[in-house]
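Asks: coordinates only, sequence not included:
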């Protein structure tokens with residue numbers, strides 16, 4: 001699944017301002033804001049700025065073998 005959005009705010013966490021950046025993204029499809037925290041190096045590489053359009057790709061992965069083991073152990 002891919003969600004399109006717009007970066008509405010970029011912040012620096014007060015206790016880790018030298019290491020991380022917080023990004024707030026408005027996602028029209030869900031009518032919600034989503035917050036993502038990135039290391040400063042990744043943030044600088046991406047060159048992100050307020051107003052930029054962004055696509056968020058969501059992948060759901062699961063371990064069928066672990067799920068089957070849990071089923072047989074009675075955990076599910």
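Replies: In hand now; what should we look at? Fair warning: this is a prediction, and the values are worked out from it, not measured in the lab. Residues are numbered from 1 along each chain as shown.

Asks: could you use CA atoms for every contact and neighbour count after this?
Replies: Will do.

Asks: now the strands for the protein?
Replies: Under the criterion DSSP state E, the chain contains strands at 2-11, 20-27, 32-39, 53-57.

Asks: how about the ones you listed, which one is nearest residue 69?
Replies: Between residue 69 and the strands of the chain, the tightest spacing by Cα to Cα is seen for strand 53-57, at 29.4 Å.

Asks: what's that closest one in contact with?
Replies: When contacts are taken as Cα atoms under 8 Å, 6 or more residues apart in numbering, the neighbours of strand 53-57 outside the stretch itself are 1, 2, 3, 4, 5, 6, 7.

Asks: pLDDT wise, what is the residue nearest the centre of the chain at?
Replies: In the chain, the C-alpha nearest the mean C-alpha coordinate belongs to residue 36, at 4.7 Å (Cα atoms, centre = their mean). Per-residue confidence at residue 36 stands at 90 (pLDDT).

Asks: repeat that for residue 24.
Replies: With respect to pLDDT, residue 24 scores 95.
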